[in-house]
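Engineer: For reference, the sequence and a predicted model appear below.
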Amino acid sequence: MTFLSPMWLWALLIVPVLVALAVVWERQRGEAAGAFADPRVMAIGADSRARMLRRVALGLAILAAAMGPVALARPAVDTTEERRQGAVMLAIDTSKSMQKTDLQPTRLDAATEAANRFLDAAPDEALVGLATFNDRAVVRVAPTLDRPAVRAALDNVEVKEGTALGSAVVASLGALSGAGVLDSLPATPQQSAGRVLVLTDGAGNVGITPEDATQRAREKRVPVYTVMLGNDPGRPDRPPPPETLAAMATQTGGVFAQTTSTDDLVRIFEDIGGALTQVPTVRQLTVLAPLLALLLLGGAGVLLLVARTRPVASGPGAVTGVLPPLR
């Protein structure tokens, strides 16, 4: 067992203090009770029995209090069970240049077909979302198991000027975070539960720069796979698109590919879909501590009720019922 927030365990140092205070309080209570004890009750041993039950109840209450810091420390166990896990954001360029026909029937149609093939190849347990980008980036579908929803969004994209590549990557990272798959920082990008797959025919020219987006992906250790469609040279005042996309992929732990044919594009996406690896799981046990605390408090309450009830005695002068509280 391990603790994800072990600093809270220092609060357990108060437990010995509570025990010492409980011992002093019980001793003083016993001395005060002895001065006014009913001789008939003493005769049947109810006082010693009640005192013992109160002590046990007090111990259970102290243990229940100790469960608070334990719960805050977030106990967890590393399980040997492995499961296929992953969340993938598809980021597809919908700029006007994607309507070129060097990929049949168009670059955008080829990208859509490849994305649908990817949905077929991805593991059933993998969450898949969709972002599109032209002059701005929009998350069309957050990571989900609902494949039809992603396919429907792929069939309804809007083509406009602009290529907000960096903004699309940042928006995809935000969608992955919103899905909860980036809650823990992996040791390497390859161990990340999140992926970003970018299909574009050029480098970014509006919005967040590709360099800034790459840095954010590196900080979250999310690999970005980039696929360039066609072979446009790009603008003369900017690095060639293949150079920009290759840098984004290699610096984040992803893979860059360039294709000028629909078949190559489909093959690339099928390979990426099969690259979603199995990862070990960490099972948190935080909920067990509050449950145990409730059980301990319930047990303490029962013992206190029993401690206030005397055993039934028979014979002349027997005293039965519930003892009045000691004052």
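Structural biologist: Nice, I can see it. Bear in mind that the values here come from a model prediction, so they are computed numbers and not experimental data. Numbers count the residues shown, from 1 in each chain.

Engineer: OK, contacts around the closest residue to A249 other than its chain neighbours?
Structural biologist: Using CB to CB, 6 or more residues apart in numbering and skipping the chain neighbours, the partner closest in space to A249 is F256 (3.9 Å). From N, CA and C alone the C-beta is placed, and that goes for glycine too. Going by CB atoms under 8 Å, 6 or more residues apart in numbering, F256 touches Y225, T226, V227, M228, P242, L245, A246, M248, A249, T250.

Engineer: how about 6 Å then?
Structural biologist: The neighbourhood of F256, defined by CB atoms under 6 Å, 6 or more residues apart in numbering, consists of T226, L245, A246, A249.

Engineer: Going along the chain, name the helices of this structure.
Structural biologist: Per DSSP state H, the chain carries helices over the ranges 14-35, 39-43, 46-72, 107-121, 147-154, 165-178, 210-220, 241-252, 262-274, 288-307.

Engineer: A122: neighbouring residues, count only.
Structural biologist: 22 (other CB atoms under 10 Å).

Engineer: now it: how far from V181?
Structural biologist: 14 Å (CB to CB, to the nearest Å).

Engineer: Count the residues that sit near R136.
Structural biologist: Each residue near R136 was counted by other CB under 10 Å, and the total is 14.

Engineer: ugh, typo on my part, it should be T188
Structural biologist: Applying the criterion other CB under 10 Å, we find 9 residues in the vicinity of T188.

Engineer: cool, the one 4 residues further on as well?
Structural biologist: The criterion is other CB under 10 Å. On that basis, S192 has 25 neighbouring residues.

Engineer: how far away is the closest residue to it other than its chain neighbours from K220?
Structural biologist: Closest residue to S192 apart from its sequence neighbours, by CB to CB, 6+ apart: P186 at 4.7 Å. According to CB to CB, P186 and K220 sit 9 Å apart.

Engineer: now V181
Structural biologist: Distance of V181 to K220, computed by CB to CB: 10 Å.

Engineer: okay, the two: which has more neighbours?
Structural biologist: The neighbour comparison of V181 against K220 (other CB under 10 Å) goes to V181, with 20 against 16.

Engineer: Please give me every residue in contact with that one.
Structural biologist: Applying CB under 6 Å, 6+ apart to V181 gives the contacts A87, A193, G194.

Engineer: Report how many residues lie close to the closest residue to E158 other than its chain neighbours.
Structural biologist: Counting by CB to CB, 6+ apart, E158 lies nearest to T94, which is 6.3 Å off, once chain neighbours are set aside. By other CB under 10 Å, the residues close to T94 number 23.

Engineer: Per-residue pLDDT of T94, please?
Structural biologist: Note on T94: pLDDT of 94.

Engineer: Can you pull the phi and psi angles for it?
Structural biologist: Backbone torsions of T94, given as degrees, to the nearest 10, read phi -120, psi 30.

Engineer: can you check the one 10 residues further on too?
Structural biologist: With angles defined as degrees, to the nearest 10, Q104 sits at phi -90, psi 140.

Engineer: that older thread, save the contacts of F256 as CSV, and put in distance to F133 and pLDDT too.
Structural biologist: Below are the contacts of F256 laid out as CSV (distance: CB to CB, whole Å; pLDDT from 0 to 100):
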residue, distance to F133, pLDDT
T226, 13, 91
L245, 14, 93
A246, 19, 93
A249, 17, 93
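
Engineer: Distance from the chain centre to stretch 154-167, please.
Structural biologist: The chain centroid and the centroid of stretch 154-167 are separated by 30 Å under CA atoms, centre = their mean, to the nearest Å.

Engineer: ah, wrong one, I meant stretch 160-171
Structural biologist: Distance of stretch 160-171 from its chain centroid, counting by CA atoms, centre = their mean, is 27 Å.

Engineer: how close does the residue nearest to S192 get to V222?
Structural biologist: In this view, P186 and V222 are 9 Å apart by CB to CB.

Engineer: Any stretches of the stretch 51-200 of the chain with poor pLDDT?
Structural biologist: Applying pLDDT under 70 to the stretch 51-200 of the chain flags residues 77-85.

Engineer: coming back round to it: ok, of the contacts of V181, which one's closest to R147?
Structural biologist: Using CB to CB, A87 is the member of these that sits closest to R147, with 13.6 Å.

Engineer: Hmm, the closest one is touching L127, no?
Structural biologist: Yes - applying CB atoms under 6 Å, one finds A87 in contact with L127, separated by 3.9 Å.

Engineer: what's the closest of the contacts of V181 to A50?
Structural biologist: Checking those against A50 with CB to CB, the nearest one is A193 at 56.1 Å.

Engineer: Skipping adjacent residues, who's closest to that closest one in space?
Structural biologist: Leaving aside its chain neighbours, A193 sits nearest to V181 (4.2 Å; criterion: CB to CB, 6+ apart).
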